[in-house]
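Novice: okay, predicted coordinates and the sequence, questions at the end:
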Amino acid sequence: MPLILINLEPVSHSTCKTSLSLLHLIRKNLRFTPLGSLTLQVAVLSVQDLEDSSTGKKHTTCPLDIHFSKLITVCWDLNIEKMSRAVVPTVLTGNPVEVYNLVTKDIPKAFTPGNVIVRMTLRPVNPTDSIVAQWGIWEGRDIDTITVGSEGTGVVHELAEGVTNFRKGQRVIPLIFNRYYPEGYGLWRDYVDIPAKDLIAVPDDIPDEFAAQFFVNPWALYQMLKVLNIPKGQYIIQAAAASVLGRQVITLAKHWGIKTINIVRRDSQIQELKDIGADYVLNAEKEDIVAKVNEITAGKKAYGALDPVLGEMSKSLIASVRNGGQVLAYGALSGSEIKLDCRDLMRGVDLNFFLVNDLGHDLDKREETSKEIFDLMRQKVIQPLSGKKFPLEQFKGAIIESNKPDRGGKVFLESYDH
């Protein structure tokens, strides 16, 4: 692979048009290393060797009309200030693949005492990251302040005055979810400015893939099962049980002695879920859910339910829960409408939409919850399922991949080298 060294020591703007054009191309596909001298890859058609008549030395340059052909490596020692990329909406309601766009912004500085600048490295693509656009959650907000991305992990880039409990380079999880819906303060960006109190330190034995999806799934299911407060030996029923969160519900419920009735839409998923501890797995396309639940529970019904689907599924789940039971909706895979039979409301069944709480009002409780969830990960009780990774700039392809029914694990957006 040919090597081009471009020395950009003080020269006038007019005398380095070729180099600047090359740098403009490089910036589109910049892959930074942590070194002072940056190593990058770009595509060019040809290289010209020009001889300096005074010294006889040859200098390698690149023509101004750059075309894509073969990969070369370009090294230069100019200290160019990097920018922070961010995925933002161009309008506040619509198809996320169509309305989200990648922009560049200045890297934030640690000016606010008590704050930390985090360089994000890995972010999952969650359903909520599409719902915010599909439902117009941010209508009425200032579009220029909004960034997509409900969770992720990164490393400490810069510390502001007064921060003593973190160090530069330390892996952390920014907790922004309580600001995500109200403000559009998201993490599909390279750098984020956040109060140190809203960071969780990632233990050395927890991989990035687990840390990146720590909050929206493990933290949420932990809280939801606590809210439902299902006694040992009783049943929880859940829809979309083959999802990443659904599988974690099965393993955590089993760990706590709770029995599970799990609803899927494909026979191929039945044995998969039984292999990880599911007590019963029902195919909604083939079975009468309410009748089967009554059969399984001898008419007692499930103690509580989890509903990430809504629509007709809500009606089946509500009818499958005991008198005075509770159904927690936490997603909207079939749309925002809910169907139900008012006779189930007369039975005292309670339906609520669950929004995960980052416990910012109780930092001791937050630390306690974090430690317990990390321990559950170590014990493999909660095992985040990881799938394909896409560079941040390929977020549209990542969103499309995340919507595939048989995609496997969670889809990620990564930017380790930026």
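Specialist: Arrived safely, thanks for sending.

Novice: buried by neighbour count: which residues of stretch 296-311 qualify?
Specialist: 296-297, 301-311 (16 or more other CB atoms under 10 Å). Placement of C-beta: from N, CA and C, glycine included.

Novice: what about Lys286, how many residues nearby?
Specialist: Lys286 sits with 8 neighbouring residues when counted by other CB atoms under 10 Å.

Novice: from the buried residues of stretch 296-311, which ones fall inside helices?
Specialist: Counted as lying in helices by DSSP state H, out of these, are Ile296.

Novice: make TSV from the buried residues of stretch 296-311 and add pLDDT and distance to Val99 to it.
Specialist: Putting the buried residues of stretch 296-311 into TSV (pLDDT from 0 to 100; distance: CB to CB, whole Å) gives the following:
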residue	pLDDT	distance to Val99
Ile296	98	44
Thr297	97	45
Lys301	98	42
Ala302	98	39
Tyr303	98	41
Gly304	98	36
Ala305	98	33
Leu306	98	30
Asp307	96	27
Pro308	94	23
Val309	94	24
Leu310	93	23
Gly311	93	24
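
Novice: with distance to Ala319 added, can I get the buried residues of stretch 296-311 in JSON lines?
Specialist: JSON lines is the format used below for these (distance: CB to CB, whole Å):
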{"residue": "Ile296", "distance to Ala319": "14"}
{"residue": "Thr297", "distance to Ala319": "13"}
{"residue": "Lys301", "distance to Ala319": "8"}
{"residue": "Ala302", "distance to Ala319": "10"}
{"residue": "Tyr303", "distance to Ala319": "14"}
{"residue": "Gly304", "distance to Ala319": "14"}
{"residue": "Ala305", "distance to Ala319": "10"}
{"residue": "Leu306", "distance to Ala319": "15"}
{"residue": "Asp307", "distance to Ala319": "12"}
{"residue": "Pro308", "distance to Ala319": "17"}
{"residue": "Val309", "distance to Ala319": "14"}
{"residue": "Leu310", "distance to Ala319": "15"}
{"residue": "Gly311", "distance to Ala319": "14"}
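
Novice: out of the buried residues of stretch 296-311, who's nearest Phe215?
Specialist: The shortest approach to Phe215 among those belongs to Pro308, at 16.1 Å (CB to CB).

Novice: test my guess that that closest one contacts Val244.
Specialist: No: Pro308 is beyond contact range of Val244, at 11.0 Å (criterion: CB atoms under 8 Å).

Novice: now do the SS call for Gly140.
Specialist: coil (DSSP: H, G, I helix; E, B strand; the rest coil).

Novice: so how far is Val87 from it?
Specialist: Spatial separation of Gly140 from Val87 under the definition CB to CB, to the nearest Å is 20 Å.

Novice: give me the residue at the spatial middle of this structure.
Specialist: Centroid check for the chain by CA atoms, centre = their mean gives Pro124 as the closest residue, at 2.4 Å.

Novice: pull the CA atoms of the longest helix belonging to the chain into PDB?
Specialist: The residue-count maximum for a helix in the chain (DSSP H) belongs to helix 363-378. Output in PDB follows, covering the C-alpha atoms of helix 363-378 (Å, rounded to 0.1, in the frame of the first residue of the first chain):
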ATOM      1  CA  LEU A 363     -28.200   8.500  44.100                       C
ATOM      2  CA  ASP A 364     -27.700   5.900  46.800                       C
ATOM      3  CA  LYS A 365     -30.500   3.800  45.300                       C
ATOM      4  CA  ARG A 366     -29.000   4.300  41.900                       C
ATOM      5  CA  GLU A 367     -25.600   3.000  43.000                       C
ATOM      6  CA  GLU A 368     -27.300   0.000  44.800                       C
ATOM      7  CA  THR A 369     -29.300  -0.800  41.700                       C
ATOM      8  CA  SER A 370     -26.300  -0.500  39.400                       C
ATOM      9  CA  LYS A 371     -24.200  -2.800  41.500                       C
ATOM     10  CA  GLU A 372     -27.000  -5.400  41.600                       C
ATOM     11  CA  ILE A 373     -27.500  -5.300  37.800                       C
ATOM     12  CA  PHE A 374     -23.700  -5.700  37.200                       C
ATOM     13  CA  ASP A 375     -23.700  -8.700  39.600                       C
ATOM     14  CA  LEU A 376     -26.700 -10.200  37.700                       C
ATOM     15  CA  MET A 377     -24.700  -9.800  34.500                       C
ATOM     16  CA  ARG A 378     -21.600 -11.500  36.000                       C
END
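
Novice: buried residues of it, list them for me.
Specialist: Using 16+ other CB under 10 Å as the burial criterion, the residues of helix 363-378 that qualify are Arg366, Thr369, Ser370, Ile373, Phe374, Leu376, Met377.

Novice: turn these into JSON lines, including pLDDT and distance to Ala212.
Specialist: Putting those into JSON lines (pLDDT from 0 to 100; distance: CB to CB, whole Å) gives the following:
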{"residue": "Arg366", "pLDDT": "92", "distance to Ala212": "18"}
{"residue": "Thr369", "pLDDT": "93", "distance to Ala212": "18"}
{"residue": "Ser370", "pLDDT": "95", "distance to Ala212": "15"}
{"residue": "Ile373", "pLDDT": "96", "distance to Ala212": "14"}
{"residue": "Phe374", "pLDDT": "96", "distance to Ala212": "14"}
{"residue": "Leu376", "pLDDT": "96", "distance to Ala212": "17"}
{"residue": "Met377", "pLDDT": "95", "distance to Ala212": "12"}
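
Novice: returning to that earlier point: double-check the residue nearest to the centre of the chain against Glu401; I have them as touching.
Specialist: No: Pro124 is not in contact with Glu401 according to CB under 8 Å; the separation is 11.8 Å.

Novice: find residues that contact each of these two.
Specialist: A shared contact of Pro124 and Glu401, defined by CB atoms under 8 Å, 6 or more residues apart in numbering, is any residue touching both; here these are Val411.

Novice: straight-line length of stretch 399-410, end to end?
Specialist: End-to-end distance for stretch 399-410, by CA to CA, to the nearest Å: 11 Å.
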